[in-house]
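1. My questions concern the predicted model and sequence given below.
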Amino acid sequence: MNFLPYLSTIVTFIFTVAVYNRYRQRGGIHLLLWAFGLLLYGIGTLSEVILGITFNAFVLKIWYLTGAMLTAAWLGMGTVHLLIRKGNAAQVITWVLAGISILAFILIVIAPVTSTAYDVTRPVSEQYKDIFSRNGLIILLTILLNIYGTLTLVGGAIYSAFLFWRKKILVNRMFGNILIAAGALSPAMGGSFLRAGLTDLLYLSEMIGAILMFIGFLIATSRSSEPANY
Amino acid sequence: MAVTHRSKRFNPNLVTEKIVPILLILLIVILLTVFVVIGLSLAGVVRPA
């Protein structure tokens, strides 16, 4: 199933451009943060493509930093900016996340990697624990960033869909948010499968996640939803 | 041309009245399950194969 990261990368980069174009047209820091989160998503899947061809310690680190640590958190940060409009809480959390991201980058850069056991025919998700030494702080940050990102991104989309359902308005945005929530849950489930030992489902969950979120975004931003914040 | 609030409303049907709430509950259940699996793996109950 090594072709899956190719599809995920193509879909995610197209999705990134679509969200960034919407930001250029309409503004809104949430769109910029979503585009940044999607760029990280795409870099993560692109790293899987490269690691399926050849081993490179730097690419492995970039894969872990983007895919395992930062993507969900920055996508969720966009949702926080969309939902929390009053005060400067969203800005403060953004700066805290930026600081944690820099710390994560430094920790990952200095973490030791051994390439001796790497096999390009097997998914990186199946092998990284044996060749990439993560200290306790990296593991703790990975868990906290993913809990924060999943909770805000998925929870925010479910909450938005619920509001549209309760008010009986903007049916496109209601269904769009349901798909975004389902799409965001997919890689989160893949991460849980990874923890449970089902390593080969991660690539599939990433591809399904990218496609569902993109369709959800397109539905939520379709013309009948105007004027929309998306 | 402005879009009025009324024009954005949709008429309730079977999908929006019955299926959407079930989907939302299902998503919440899956979200909670993800966190339970993370918690179990941290507690050492679920171990990688």
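-> Good, I have the coordinates. As the structure is a computational prediction, the values presented were derived from the model and not from experiment. Numbers count the residues shown, from 1 in each chain, chains lettered A, B, ... in the order given.
2. which stretches of the chain form helices?
-> All of this is about chain A. Counting by DSSP state H, chain A has these helices, from start to end: A:4-26, A:29-51, A:57-63, A:71-83, A:89-110, A:124-131, A:136-167, A:171-195, A:202-220.
3. my question was about chain B
-> B:5-8, B:14, B:20-43.
4. distance of residue B:38 from residue B:31?
-> 11 Å (CB to CB, to the nearest Å). (Each C-beta comes from the backbone N, C-alpha and C, glycine too.)
5. Run a quick neighbour tally on residue 22.
-> Since you didn't name a chain, this refers to chain A. For residue A:22, the neighbour count with other CB atoms under 10 Å in any protein chain shown is 19.
6. wait, chain B
-> Counted with other CB under 10 Å, residue B:22 comes out at 9.
7. of all the helices of chain A, which lies closest to chain B?
-> helix A:171-195 (4.0 Å; CB to the nearest CB).
8. and that closest one, what's its mean pLDDT?
-> Helix A:171-195 shows a mean pLDDT of 89.
9. Does it pack against any helices or strands, and if so which?
-> helix A:71-83, helix A:136-167, helix A:202-220, helix B:20-43 (3 or more CB pairs under 8 Å, 6 or more residues apart in numbering or on different chains; DSSP states H and E).
10. Helix A:171-195 and the third one, what's the angle between them?
-> Relative orientation of helix A:202-220 versus helix A:171-195 (axes from the mean of the first three to the mean of the last three CA atoms, to 10 degrees): 170 degrees.
11. thought residue A:156 was touching residue A:75?
-> No - with contact defined as CB atoms under 8 Å, residue A:156 does not reach residue A:75; the gap is 9.7 Å.
12. out of these two, which sits in the busier spot?
-> Higher neighbour count among residue A:156 and residue A:75: residue A:75, with 26 against 23, using other CB under 10 Å.
13. Of all the helices and strands packed on helix A:171-195, which one is nearest residue A:98?
-> helix A:71-83 (9.2 Å; CB to CB).
14. got the angle for that closest one vs helix A:171-195?
-> 150 degrees.
15. Now do the same contact list for the closest residue to residue A:13 other than its chain neighbours.
-> Leaving aside its chain neighbours, residue A:13 sits nearest to residue A:42 (4.7 Å; criterion: CB to CB, 6 or more residues apart in numbering or on different chains). Going by CB atoms under 8 Å, 6 or more residues apart in numbering or on different chains, residue A:42 touches A:8, A:9, A:12, A:13, A:16.
16. can you tell me how far residue A:42 sits from residue A:15?
-> For residue A:42, the distance to residue A:15 - CB to CB - is 8 Å.
17. picking that back up, now the helices of chain B in JSON lines, with mean pLDDT?
-> As requested, those are exported to JSON lines (pLDDT from 0 to 100):
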{"stretch": "helix B:5-8", "mean pLDDT": "56"}
{"stretch": "helix B:14", "mean pLDDT": "78"}
{"stretch": "helix B:20-43", "mean pLDDT": "86"}
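18. near chain B, which residues of chain A?
-> A:129, A:143, A:146-147, A:150-151, A:154-155, A:158, A:161-162, A:165, A:168-171, A:174, A:178, A:181-182, A:185, A:188-189, A:191-192, A:194-199, A:226-227 (CB under 8 Å from any CB of the partner chain).
19. same thing but 6 Å
-> Listed as neighbours of chain B in chain A under the rule CB under 6 Å from any CB of the partner chain: A:154, A:158, A:162, A:165, A:168-171, A:178, A:181, A:185, A:188-189, A:192, A:195-197, A:226.
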